[in-house]
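Engineer: Sequence first, predicted model second:
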Amino acid sequence: MLHPTRDQIDLVDVMAAIGHPVRAEIVRRLAASGQEEFCGSILPGVPKSTLTNHWRVLRESGVICQRPEGRKLYIRLRREDLDERFPGLLDLIVLEGSRAPSP
């Protein structure tokens, strides 16, 4: 799995990744939990085939980190890396999400 290093995380890629409503909601839910989550538990009503693409975009942009364990895949928000590169960005995304309805 491709995970960019902290220094490789690019603001344009991050903004493009979280610009999609489903991916923004994933980021907000991961931020709210503050911990690693099983991929299937974050948006249970969305088909797995749809989420697979969203996970890839978020992972390749540096927003999340994925970890396989057996047949399950776990993800976590790369909050520390994103806060270091773009201070306050995640807080804005979470704040904006509290004003908008969920998908």
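Structural biologist: That came through fine.
Engineer: any idea whether the residue nearest to the spatial centre of the chain is helix, strand or coil?
Structural biologist: For the chain, residue 27 is the residue whose C-alpha lies nearest the centre (Cα atoms, centre = their mean; 4.1 Å). Of the three states, residue 27 takes helix under DSSP: H, G, I helix; E, B strand; the rest coil.
Engineer: Would you verify that residue 68 is located in a strand?
Structural biologist: Yes - when classified by three-state DSSP, residue 68 is found to be part of a strand.
Engineer: Can you give the contact residues for stretch 10-21?
Structural biologist: The list of residues contacting stretch 10-21 from outside it, by Cβ atoms under 8 Å, 6 or more residues apart in numbering, reads 23-24, 27, 54, 57-58, 60-63, 82, 85-86, 89, 93, 103. (Each C-beta comes from the backbone N, C-alpha and C, glycine too.)
Engineer: Between which two of the residues you listed is the distance greatest?
Structural biologist: Taking every pair in the contacts of stretch 10-21 and measuring Cβ to Cβ, the maximum separation is 26.3 Å, between 85 and 103.
Engineer: who's more crowded, those two?
Structural biologist: In terms of neighbours (other Cβ atoms under 10 Å), residue 85 is the more surrounded of residue 85 and residue 103; the figures are 17 against 13.
Engineer: Check the residue lying farthest from the centre of the chain and give its pLDDT.
Structural biologist: Relative to the average C-alpha location in the chain, and by Cα atoms, centre = their mean, no residue lies farther out than residue 70, which sits at 21.4 Å. Turning to residue 70, the model gives it a pLDDT of 93.
Engineer: Tell me how far it lies from residue 38.
Structural biologist: Using Cβ to Cβ, to the nearest Å, residue 70 is found at 11 Å from residue 38.
Engineer: Then residue 45?
Structural biologist: Between residue 45 and residue 38 the distance is 15 Å, computed by Cβ to Cβ.
Engineer: More neighbours: these two, which one.
Structural biologist: The neighbour count for residue 45 versus residue 38, taken as other Cβ under 10 Å, is higher for residue 38 (11 against 5).
Engineer: Thanks a lot, see you next time.
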